[in-house]
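*Asks:* No letters, just coordinates:
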């Protein structure tokens, strides 16, 4: 594992823990305000949704780094070792292509909606789409590190 990926892994862990903590506090505040104070926080549902978007995409990068994504390896395990290695590299290349496309499109979309505010928080939609770009960018770095490891092994 390269130093960059170790730093990325540590940063992703800390950021996702912080985001999850904020999400729990926001949802807890909404529940308290609604059922105890009989008052609704108009911004809490929207903020929780955006925090969840960040958690999903950053969490996907964490799971990819730890090889935790679901995979069907029944047939691949029956291939000869060299062919297994090739299939793993092909899978990583396909994943790299997909995450690269999603990354570039999310950046393009984030740039397009820079001046469009969200409904309740009135923040630019760019900040919402940035979560997708950050998660996909992190996944690209992880996949590149995995490819480097597979090709130099």
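*Replies:* That came through fine. Given the structure is predicted, the values throughout are model-derived calculations rather than measurements.
*Asks:* give the contact list for the nearest residue to residue 127 once chain neighbours are set aside.
*Replies:* Leaving aside its sequence neighbours, residue 127 sits nearest to residue 50 (CB to CB, 6 or more residues apart in numbering; 7.6 Å). All C-beta atoms are positioned from the backbone trio N, CA, C, and that covers glycine. Residue 50 sits next to 118, 121, 127-128, 131 when contact means CB atoms under 8 Å, 6 or more residues apart in numbering.
*Asks:* For burial, what's the neighbour tally of residue 134?
*Replies:* Residue 134: 18 surrounding residues under other CB atoms under 10 Å.
*Asks:* Hmm, it is touching residue 60, no?
*Replies:* No. Taking contacts as CB atoms under 8 Å, residue 134 lies outside contact range of residue 60: 10.9 Å.
*Asks:* still on that earlier bit, highest neighbour count among the contacts of residue 50?
*Replies:* Sorting the contacts of residue 50 by how many neighbours each has (other CB under 10 Å) puts residue 131 first, at 21 neighbours.
*Asks:* before we move on, could you check phi and psi at that one?
*Replies:* phi -60, psi -40 (degrees, to the nearest 10).
*Asks:* residues in contact with it?
*Replies:* Taking CB under 8 Å, 6+ apart as the test, what residue 131 contacts is 50, 53-54, 57-58.
*Asks:* Now, these that are in strands?
*Replies:* Using DSSP state E, no member of those falls in strands.
*Asks:* can you put the residues you listed in TSV and add pLDDT?
*Replies:* Converted to TSV, the contacts of residue 131 look like this (pLDDT from 0 to 100):
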residue	pLDDT
50	97
53	97
54	98
57	97
58	97
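*Asks:* List just the nearest of these to residue 41.
*Replies:* Taking CB to CB as the measure, residue 41 sits nearest to residue 50 out of the contacts of residue 131, at 14.5 Å.
*Asks:* Against residue 22, how distant is that closest one?
*Replies:* 11 Å (CB to CB, to the nearest Å).
*Asks:* Check residue 74 too.
*Replies:* In terms of CB to CB, residue 74 sits 40 Å off from residue 22.
*Asks:* Pick out whichever of these two has more residues nearby.
*Replies:* More crowded of residue 74 and residue 22, by other CB under 10 Å: residue 22, with 15 against 7.
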